[in-house]
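Asks: Sequence first, predicted coordinates after that:
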Amino acid sequence: MKFDNLTSERYSVSPDALAQQLHGEVIMLDMKTEAYFGLNETGSLVWEKVAAGETVGAIAQSLIDRYGLSHEDAFRDVTALISELEKRELIIRRNS
Amino acid sequence: MNIWPSVERLVDCWPDSSLGPHGIHLIAVAHWRDRAMVVPAVFQDAERVRAIVTPATKLLLERVRGLVSGPILLIKGPELAARYPNPALRPFGDLDLLVPDADLVQRQLIDAGFTRAGDEARFRDTYHREPLSLGPLPLDLEIHGGLGWLPWIKAPAPDALFASAVPSALGIDGILTLAPEHHALYIAAHAWRHGPLGNLLHLIDVVMITEGQDREMLDQLAISWGMGPF
């Protein structure tokens, strides 16, 4: 259970990230880098849950429930995307 | 009046190159998607930019509202889009704001970090100031001290427009818009001013803004303003 230390973490969307749903995907503008990018369906689900203030554990569980992923795969995918978004400063880790 | 079947027939027979100049490319995209047709890449890009324009509009209006005191009337663009069956069908590239003192508001916004996106001298004697932009947001702001009517129209002074303003359809605290009948006449005048009724989006705008309004009352108001029957 190497992901256990992350399961209770929550994140907020940075004010520098402008995002909008379009055909089931999220289109995003990074105001700092002026870069546009998109998240696929799974990424959009993660984004939506992050924006709603859900914990990493709850977000991974959503992927398990919706796509039938294994616990291991769900946590790996969620933490990989969250790490990338955090690195780009599009989401901010909340103080617990 | 259900204009959409007619608009879709035009989309079906017009070349793609005519859709953008008439502002109906996003209507075309929705029409094509409904029929599981291929959407050209250039229109997919326009669709993505339009998607970001929605949160950008909210961000800009909230930013301006926080910086400026007094009434702020949002006109055209997003107010018209809100009347479409889906606001994403209606493109816009700027926000037009009518304020009592355009020079003061323009200075306040520049002091707060907005940057000039046009040539100041070109706009000195016009009814709006040079466009302003904020960071990479894909839409500009235009601060209006008045509205661009046609020379023969006896339109009310801005004070009268402020007095009859109503809350914006966007539901942003402190952002107002023109009374529906004033907005309808302004949109019709605007459609004439930018090439008399030669742009399809402008014509659709007129239909959308007059939907549900009393046509007889609009006619009377238009006549009293020197526009003739609506």
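Replies: Happy to help now that I have it.
Asks: need the helices for the chain, in chain order.
Replies: Just so you know, I chose chain A. All helices of chain A, identified by DSSP state H, fall at A:41-51, A:56-67, A:71-87.
Asks: I was after chain B.
Replies: Under DSSP H, chain B gives helices at B:4-13, B:16-19, B:25-34, B:41-67, B:77-81, B:102-111, B:158-163, B:180-193, B:200-210, B:215-224.
Asks: Now find how far off-centre the third one is within its chain.
Replies: For helix B:25-34, the distance between its averaged C-alpha position and the chain's averaged C-alpha position is 20 Å (Cα atoms, centre = their mean, to the nearest Å).
Asks: For that helix, C-alpha coordinates in PDB please.
Replies: Provided in PDB are the C-alpha atoms of helix B:25-34 (Å, rounded to 0.1, in the frame of the first residue of the first chain):
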ATOM      1  CA  HIS B  25     -18.800  28.300 -37.700                       C
ATOM      2  CA  LEU B  26     -19.700  27.200 -34.200                       C
ATOM      3  CA  ILE B  27     -23.300  26.600 -35.300                       C
ATOM      4  CA  ALA B  28     -21.900  24.600 -38.100                       C
ATOM      5  CA  VAL B  29     -19.700  22.500 -35.800                       C
ATOM      6  CA  ALA B  30     -22.600  21.700 -33.600                       C
ATOM      7  CA  HIS B  31     -24.700  20.700 -36.600                       C
ATOM      8  CA  TRP B  32     -21.900  18.500 -38.000                       C
ATOM      9  CA  ARG B  33     -21.400  16.800 -34.600                       C
ATOM     10  CA  ASP B  34     -25.100  16.100 -34.300                       C
END
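Asks: any weak-confidence spans in chain A?
Replies: Filtered on pLDDT under 70, chain A yields the residue ranges A:1-6, A:96.
Asks: Around chain B, which positions in it sit nearby?
Replies: Proximity of chain A to chain B is confined to A:18-23, A:27-29, A:31, A:34, A:36, A:38 under the rule Cβ under 8 Å from any Cβ of the partner chain. In short, each C-beta sits where N, CA and C put it, glycine included.
Asks: What's the ChimeraX syntax to select whichever of the residues you listed are buried?
Replies: Listed next is the ChimeraX selection for buried residues among the residues of chain A next to chain B, using 16 or more other Cβ atoms under 10 Å in any protein chain shown:
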select /A:18,19,20,22,27,28,29,31,36
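Asks: Out of the residues of chain A next to chain B, list just those in strands.
Replies: Mapping these onto strands (DSSP state E) picks out A:18, A:19, A:20, A:21, A:22, A:27, A:28, A:29, A:36, A:38.
Asks: residue contacts, residue A:26?
Replies: Residues in contact with residue A:26 (Cβ atoms under 8 Å, 6 or more residues apart in numbering or on different chains) are A:19, A:20, A:38, A:39, A:43, A:44, A:47, A:48.
Asks: Show me what it is bridged to.
Replies: The partner list for residue A:26 in beta bridges (DSSP bridges) reads residue A:21, residue A:39.
Asks: Identify whichever of the helices of chain B lies nearest to chain A.
Replies: Counting by Cβ to the nearest Cβ, chain A lies closest to helix B:41-67 out of the helices of chain B; the figure is 4.3 Å.
Asks: which parts of the closest one are buried?
Replies: B:43, B:46-61, B:63-64.
Asks: circling back: could you dump the helices of chain B to a markdown table with distance to residue A:7 and mean pLDDT?
Replies: Putting the helices of chain B into a markdown table (distance: least, Cβ to Cβ, whole Å; pLDDT from 0 to 100) gives the following:
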| stretch | distance to residue A:7 | mean pLDDT |
| --- | --- | --- |
| helix B:4-13 | 49 | 93 |
| helix B:16-19 | 49 | 92 |
| helix B:25-34 | 39 | 96 |
| helix B:41-67 | 30 | 95 |
| helix B:77-81 | 41 | 97 |
| helix B:102-111 | 45 | 96 |
| helix B:158-163 | 54 | 93 |
| helix B:180-193 | 52 | 92 |
| helix B:200-210 | 49 | 94 |
| helix B:215-224 | 60 | 94 |
